[in-house]
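Peer 1: The sequence and its predicted three-dimensional model are supplied below.
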Amino acid sequence: MIVPLSSLKPGERGIVVNIQGGPGFRNRLLGMGITPGAIVQVIEAYNPGPVIVNISGTRFAVGWGMASRILVRKL
């Protein structure tokens with residue numbers, strides 16, 4: 001099932017399948033390691049507010065709006 005990253009609950013994981021946005025937005029996420037094929041785990045999620053994710057042992061905080069434009073396949 002493909003869902004926005006913002007819909008995952010703490011502890012859930014997903015594989016990034018698509019990033020919806022312009023080149024600046026995509027490049028910013030790519031620089032953080034949020035790339036198609038990356039496995040992300042939600043550590044904490046505040047609605048509205050930041051979503052804290054773990055990617056390859058590194059934690060990042062992304063805004064709720066950004067997380068809603070990152071599509072993942074739930075694991």
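Peer 2: Right, received. Where do you want to start? Numbers count the residues shown, from 1 in each chain.
Peer 1: When you work out contacts or count neighbours from here on, use the C-alpha atoms and nothing else.
Peer 2: Noted.
Peer 1: Next up, the contacts around Gly63.
Peer 2: By CA atoms under 8 Å, 6 or more residues apart in numbering, Gly63 lies in contact with Gly49, Pro50, Val51.
Peer 1: 10 Å instead, please
Peer 2: Shown in contact with Gly63 (CA atoms under 10 Å, 6 or more residues apart in numbering): Ser6, Ala45, Tyr46, Asn47, Pro48, Gly49, Pro50, Val51, Ile52.
Peer 1: hang on, the last one is in a strand, isn't it?
Peer 2: Yes: inclusion of Ile52 in a strand is indicated when DSSP: H, G, I helix; E, B strand; the rest coil is applied.
Peer 1: okay, it: pLDDT?
Peer 2: Per-residue pLDDT puts Ile52 at 95.
Peer 1: cool, and the third one?
Peer 2: Looking at Tyr46, its pLDDT stands at 85.
Peer 1: How about the contacts made by it?
Peer 2: Ser6, Lys9, Pro10, Ile52, Gly63, Trp64.
Peer 1: Just want the phi and psi numbers for it.
Peer 2: Phi and psi for Tyr46, reported as degrees, to the nearest 10, are phi -120, psi 130.
Peer 1: on that earlier part again, put the buried members of the contacts of Gly63 into a ChimeraX selection.
Peer 2: Burial among the contacts of Gly63 is assessed by 16 or more other CA atoms under 10 Å; the matching ChimeraX selection reads:
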select :6,45,50,51,52
